[in-house]
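Asker: below: sequence and its predicted model.
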Amino acid sequence: MGKNVTSVTEFILLGFPVVPRLQLLLFGLFALSYAFTLLGNGAILGLIYLDPRLHTPMYFFLSHLAIVDMSYACNTVPQMLVNLLTPTTPISFAGCITQTFLFFTFAIIECLLLVAMSYDRYVAICHPLQYSAIMSWRFCVTLAVISWAIAALQSLTHLVLLLRLPFCGPQKINHFFCEIIAVLKLACADTHVNEIVVLAGAVSVLVGPFSSIVISYIHILCAILRIQSGEGRQKAFSTCSSHLCVVGLFYGTAIITYVGPRYGNPGEQKKYLLLFHSLFNPMLNPLIYSLRNKEVKNALKRVLGKKRTS
């Protein structure tokens, strides 16, 4: 058993191999994106809390999405910023494993939340008369709790399988955070089982949920086409357009990274895809929901109007 004890106590994240001047430019760009991510998603959370008209199932799930997006960024970006300034700064073994666990947890939660939001739009457009009965608060809370529980349990499975592996060197991870495939490449043992479980997990939380979203939107599209008035069709589609944009950005990058034909390749392309997935995607989500959603813009006007009045 002595040989199976982890001998590596810290790792060094290689990040992005660029010249020092470009490192400072990337630091400024990523720090600005990080700030916008926290501010944008924080503003969405604040609006949903302050405006009673946004206390609906759709915005209940959106508030969870905003929390997940902020958590995504907080999990990976601070260490990435530190490494841009001082590239040799190590991350502890415990910190690295925790980062891997949290990344998986937030990724799975976002997958399941996007499915719940698509179901909410399906019920609202295809079964409007039964909407209040189907999308009750008890049902919405249950969906949210189940999403968090499934994410935690599946991430825990990856964590347990990862902790059983010995790490005896090298210490350099070819990534900007402790991405599980990059970490597995440093293990001093056969990681075939881990890689199969990662792929199976990716298929179950990406392909399955994405297929259900596609089916939901096929029904939604058919229902929209049956609406007689052009104004009614436009209004119905506008309630779904923001969600469709977020789904496209999230699932597009995630499926290419973990289910694509070059799965497990440590190349730079997938590294940049994950950068977009974990930094720019959470930053864009609140912009998509605020710029394309009239309810959010009206809520912002009402909140700002109240502040001016007071």
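Answerer: Everything's here; your move. Numbering: from 1, shown residues only.
Asker: helix or strand for N75, which one?
Answerer: Assigned by DSSP states H and E, N75 belongs to helix 57-85.
Asker: counting by contacts, list what that helix packs against.
Answerer: If you count contacts as 3 or more Cβ pairs under 8 Å, 6 or more residues apart in numbering; DSSP states H and E, helix 57-85 packs onto strand 10-13, helix 20-50, helix 93-126, helix 137-163, helix 281-291. C-betas here are computed from N, CA, C, even on glycine.
Asker: can you add mean neighbour count and give these back as JSON lines?
Answerer: Output for those, formatted as JSON lines (neighbours: other Cβ atoms under 10 Å):
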{"stretch": "strand 10-13", "mean neighbour count": "19"}
{"stretch": "helix 20-50", "mean neighbour count": "17"}
{"stretch": "helix 93-126", "mean neighbour count": "21"}
{"stretch": "helix 137-163", "mean neighbour count": "15"}
{"stretch": "helix 281-291", "mean neighbour count": "21"}
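Asker: coming back round to it: pLDDT of the helix holding N75, averaged?
Answerer: The average pLDDT within helix 57-85 is 91.
Asker: low-confidence ranges, the stretch 1-150 of the chain, go.
Answerer: Scanning the stretch 1-150 of the chain for pLDDT under 70 picks out 1-6.
Asker: still on that earlier bit, what's the closest of the helices and strands packed on helix 57-85 to I227?
Answerer: For I227, the closest of those is helix 93-126, at 9.0 Å, according to Cβ to Cβ.
Asker: same for that closest one, what does it pack against?
Answerer: Here helix 93-126 touches strand 10-13, helix 57-85, helix 131-134, helix 137-163, helix 180-184, helix 208-225, helix 230-258, going by 3+ Cβ pairs under 8 Å, 6+ apart.
Asker: point me to the helix or strand that includes I91.
Answerer: According to DSSP H and E, I91 maps onto strand 90-92.
Asker: who does that strand touch, helix- and strand-wise?
Answerer: The helices and strands touching strand 90-92, judged by 3+ Cβ pairs under 8 Å, 6+ apart, are strand 10-13.
Asker: in its sheet, what does the strand it packs on sit against?
Answerer: Next to strand 10-13 in the sheet, as set by DSSP bridges, lie strand 90-92 (antiparallel), strand 172-173 (parallel).
Asker: ok, residues contacting the first one?
Answerer: Around strand 90-92, the neighbours that count as contacts under Cβ atoms under 8 Å, 6 or more residues apart in numbering are 9-13, 79, 99, 171, 178.
Asker: pick the one among those residues closest to L199.
Answerer: Closest approach to L199 among those (Cβ to Cβ): C178, at 18.4 Å.
Asker: before we move on, the earlier item: next, format the strands paired with strand 10-13 as a markdown table and append distance to L25.
Answerer: A markdown table is the format used below for the strands paired with strand 10-13 (distance: least, Cβ to Cβ, whole Å):
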| stretch | distance to L25 |
| --- | --- |
| strand 90-92 | 23 |
| strand 172-173 | 23 |
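Asker: go through the helices and strands packed on helix 93-126 and name the closest to K270.
Answerer: Counting by Cβ to Cβ, and looking across all of the helices and strands packed on helix 93-126, nearest comes helix 230-258 at 5.3 Å.
Asker: next, the angle helix 57-85 makes with that closest one.
Answerer: 40 degrees (axes from the mean of the first three to the mean of the last three Cα atoms, to 10 degrees).
Asker: same for helix 230-258, what does it pack against?
Answerer: Helix 230-258 packs on helix 93-126, helix 192-202, helix 208-225, helix 268-275, helix 281-291, going by 3+ Cβ pairs under 8 Å, 6+ apart.
Asker: would JSON lines of the helices and strands packed on helix 57-85 with distance to V303 be doable?
Answerer: Formatted as JSON lines, the helices and strands packed on helix 57-85 follow (distance: least, Cβ to Cβ, whole Å):
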{"stretch": "strand 10-13", "distance to V303": "40"}
{"stretch": "helix 20-50", "distance to V303": "5"}
{"stretch": "helix 93-126", "distance to V303": "23"}
{"stretch": "helix 137-163", "distance to V303": "23"}
{"stretch": "helix 281-291", "distance to V303": "12"}
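Asker: brilliant, that's me finished.
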